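Asker: 3D, please:
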Amino acid sequence: MSGFENPEVRPARVIVLSPNGLYDEQSIPGLRRGDSVQVITFERVAQTESIVLTRPMGFVDRLARRVSRSGLGRELLRLTALDAGVRFHRAARQDERVARALDEAQLVVAPERDGALAAWHASRAARRRGRATTTVFGYPAARAALERARS
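Answerer: Just a heads-up that it's a prediction; the model follows:
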């Protein structure tokens, strides 16, 4: 069962978890009038409703940037709490606006690797509350989920 039980009655509410703000109108072309997209990000997204999270700063951020200059450093970071995906998930989890947005979502999209952890946690939390929220990785999967739910 998807989160779009009857698309004629309720417009789709799409949440995009993109730390770098990777979204524009052509990203999900299957949207209809009344559907809404909200981007949760560290960067402002032009002409789109968005929740801009506070980017973690300080010594830990400087250390992560320095270590990520090499390929080996980037791989090592992915094994620690300094990983960009983990830091995005923490920032999203601490923001009450994000929790409200995810509660209303029918489709959650993680268009990049660093948003996938937050999307996975959001999907698990929705399932524990008994909500059917479709969660996908990438815009092609989001388009397919919209088409499948509306056919």
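Asker: Residue 122 contacts residue 17, doesn't it?
Answerer: Yes. Counting by CB atoms under 8 Å, residue 17 is a contact partner of residue 122 at 7.4 Å. Backbone N, C-alpha and C define where each C-beta goes, glycine included.
Asker: shared neighbours, those two?
Answerer: Common contact partners of residue 122 and residue 17 (CB atoms under 8 Å, 6 or more residues apart in numbering): residue 108.
Asker: where exactly do the strands run in the chain?
Answerer: 13-17, 36-41, 49-52, 107-110, 134-137 (DSSP state E).
Asker: The first one vs strand 36-41, what angle?
Answerer: On the basis of axes from the mean of the first three to the mean of the last three CA atoms, to 10 degrees, strand 13-17 is oriented at 20 degrees to strand 36-41.
Asker: With just CA atoms, put strand 13-17 into CSV.
Answerer: Extracted C-alpha coordinates of strand 13-17, given in CSV (Å, rounded to 0.1, in the frame of the first residue of the first chain):
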residue,chain,number,x,y,z
ARG,A,13,2.8,15.9,-0.6
VAL,A,14,6.4,15.3,-1.7
ILE,A,15,9.4,15.9,0.6
VAL,A,16,12.9,16.1,-0.9
LEU,A,17,15.8,15.4,1.6
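Asker: list the helices and strands it packs on?
Answerer: Strand 13-17 sits against strand 36-41, helix 96-104, strand 107-110, helix 113-128, with contacts defined as 3 or more CB pairs under 8 Å, 6 or more residues apart in numbering; DSSP states H and E.
Asker: chain center to the longest one: distance?
Answerer: Looking back up the chat, that one is helix 113-128. Here helix 113-128 is found 8 Å from its chain centre; the criterion is CA atoms, centre = their mean, to the nearest Å.
Asker: average model confidence for stretch 16-31?
Answerer: For stretch 16-31, mean pLDDT rounds to 89.
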